[in-house]
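**Q** Next one to model:
(2 chains)
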Amino acid sequence: MTYYSADFSKKAQLKIQQMAFVLVALMIFFGLVAVIYLSIWSSNLEESAAQRQEEEALQIALALAGSPEFAFTSSSDCSSCVDFEKIVSLDKDIYKTLWNLDYLEVEIVYPVPESGETNKITIIPRPPNLGSTSSVFISLVRRDQSTRDFKYEIGKIIVSGGKSSE
Amino acid sequence: MNKKSQEEMVGFVMVVALVAVIFLVFLGIMMRKPGAEEDRTRVDEVSLFLDAMLEYSTDCEVAGSRLNFKDAIIEAKETNRCPGTGVDGNLKENLEELSKEIIEKSWNPGQDKPVKGYLFEVVFEKADDPLLRSEEAEIIAISAFPGGSPDEREAKTAEKPIGKGIKVSLKIYENLGTKTTA
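**A** Here you go, the predicted structure:
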């Protein structure tokens, strides 16, 4: 039968205790790190989701400005020009589902239309409880009634959305 | 025994310090990313606006066609007269007024608005020698800061050369924490 001396047994116990303390301290440290990281991450989550949605909408607005349904094609040197007449005569019911957006509107920014005239063309109406929207500046082109020449104005495409991103 | 435990403690502290440093570096990288994306988006917006502004049809006419803003700036450098309007006015002054009106209607700057101010410049270089340009350039500059004094760190700039020796630039000052929404 083997007997261990009391001194040796105490030493081993101390070693085990030391290891246990180190493991507990490490667990607490990594736990704290995880808690700090998760709290920062969760606070940024909502903001970054909204930001991502805005960026996506911005890209959609840019793509729309260059799409055949919007683009002004009579002039070859203007890539961001949008044809006003095309937007007005657009069959809005068809395009509601095509672009997969929650809200789409074209606004005349400058010159400000005279009182009584509308400065907005709604393609997809604004639903209730709509979140943030994004807009890009465009050149709106239409025929000048007096000179019959093309007149370039400043407008905005305002979008919100992509239902697919929800 | 005492010395050995001290060594172990030092080792443990070093491991903790190393992990903490790695964690801080990681956290720093994670928190910097969204700001850079926001900056890029805003710069694109200002650049798109400047494109649209340069296409805007002014009242000046040549052979029955309206001059766009870009051509009117070139005309301002060459003759400083607005053809076709019958008004023998100062085209540079007219363009200053028009620019101010367009920018303010489009960006709507204000103290309690996301956009705090703007600076629009048209630079007409007088000399062909690039070394003399900054000394001899004529600058049309319009600005307004209804939201207080501007902070260059929060300015988003777009700059475009529009002809020989002419360039336009626009700076939009805003709080980066807020974003313009319609």
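**Q** What helices and strands are in contact with the longest helix along chain A?
**A** Using DSSP state H, we find that the single longest helix of chain A is helix A:6-65. Packing contacts for helix A:6-65, counted by 3 or more CB pairs under 8 Å, 6 or more residues apart in numbering or on different chains; DSSP states H and E, involve strand A:134-143, strand A:150-160, helix B:2-55. Quick note: C-beta positions are derived from backbone N, CA and C, even for glycine.
**Q** want to throw those into JSON lines with distance to residue A:15 and mean neighbour count?
**A** What follows is those, written out as JSON lines (distance: least, CB to CB, whole Å; neighbours: other CB atoms under 10 Å in any protein chain shown):
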{"stretch": "strand A:134-143", "distance to residue A:15": "63", "mean neighbour count": "23"}
{"stretch": "strand A:150-160", "distance to residue A:15": "64", "mean neighbour count": "23"}
{"stretch": "helix B:2-55", "distance to residue A:15": "10", "mean neighbour count": "14"}
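**Q** Helix or strand, whichever it is, which one in chain A has the lowest mean pLDDT?
**A** In chain A, no helix or strand scores lower on mean pLDDT, DSSP states H and E than helix A:92-98, which sits at a mean of 75.
**Q** Would you mind listing the buried residues in it?
**A** residue A:95 (16 or more other CB atoms under 10 Å in any protein chain shown).
**Q** Is there proximity between the helix or strand following that helix and chain B?
**A** Following helix A:92-98 in sequence order, the next helix or strand is strand A:103-110 (DSSP states H and E). Yes - with CB under 8 Å from any CB of the partner chain as the measure, strand A:103-110 is seen reaching chain B through A:105, A:107, A:109-110.
**Q** how far does the following helix or strand past strand A:103-110 sit from the chain's center?
**A** For strand A:103-110, the succeeding helix or strand toward the C-terminus, using DSSP H and E, is strand A:120-124. How far strand A:120-124 lies from its chain's middle: 20 Å, per CA atoms, centre = their mean, to the nearest Å.
**Q** Tell me the neighbouring strands of strand A:120-124, and mark each as parallel or antiparallel.
**A** If you go by DSSP bridges, strand A:120-124 pairs up with strand A:103-110 (antiparallel).
**Q** tilt between the partner strand and strand A:134-143?
**A** On the basis of axes from the mean of the first three to the mean of the last three CA atoms, to 10 degrees, strand A:103-110 is oriented at 60 degrees to strand A:134-143.
**Q** buried residues in strand A:103-110?
**A** Neighbour counts using 16+ other CB under 10 Å place A:103-110 of strand A:103-110 among the buried residues.
**Q** Could you save those as CSV and add columns showing pLDDT and distance to residue A:29?
**A** Listed next are these as CSV, based on pLDDT from 0 to 100; distance: CB to CB, whole Å:
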residue, pLDDT, distance to residue A:29
A:103, 87, 48
A:104, 88, 51
A:105, 89, 53
A:106, 91, 56
A:107, 91, 54
A:108, 92, 60
A:109, 91, 55
A:110, 88, 59
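**Q** ok, residue A:88 touching residue A:121?
**A** Yes - the pair residue A:88 / residue A:121 is scored as a contact, 6.3 Å apart, by CB atoms under 8 Å.
**Q** Between the two, point out the one with more neighbours.
**A** Using other CB atoms under 10 Å in any protein chain shown, the more surrounded residue of residue A:88 and residue A:121 is residue A:121, with 17 against 10.
**Q** what's the closest of the helices and strands packed on helix A:6-65 to residue A:98?
**A** Shortest distance between residue A:98 and these, using CB to CB, is found for strand A:150-160: 13.4 Å.
**Q** which one is residue A:154 nearest to, not counting chain neighbours?
**A** The shortest distance from residue A:154 to any non-neighbouring residue, by CB to CB, 6 or more residues apart in numbering or on different chains, is to residue A:110 (4.3 Å).
**Q** So residue A:126, which state does it fall into?
**A** Assigned with DSSP: H, G, I helix; E, B strand; the rest coil, residue A:126 falls in the coil class.
**Q** give me the number of residues near it?
**A** Count around residue A:126 with other CB under 10 Å applied: 14.
**Q** ok, it - contacts?
**A** Residues in contact with residue A:126 (CB atoms under 8 Å, 6 or more residues apart in numbering or on different chains) are A:103, A:105.
**Q** how near is it to residue A:133?
**A** For residue A:126, the distance to residue A:133 equals 9 Å [CB to CB, to the nearest Å].
**Q** shared neighbours, these two?
**A** With CB under 8 Å, 6+ apart as the test, residue A:126 and residue A:133 both reach residue A:103.
**Q** Let me know whether residue B:48 touches residue A:135 as I believe.
**A** No - with contact defined as CB under 8 Å, residue B:48 and residue A:135 do not form a contacting pair (9.9 Å).
**Q** okay, residue 27: pLDDT?
**A** I'll assume chain A. According to the prediction, residue A:27 has pLDDT 87.
**Q** Oops, wrong one, chain B.
**A** Predicted confidence (pLDDT) for residue B:27: 76.
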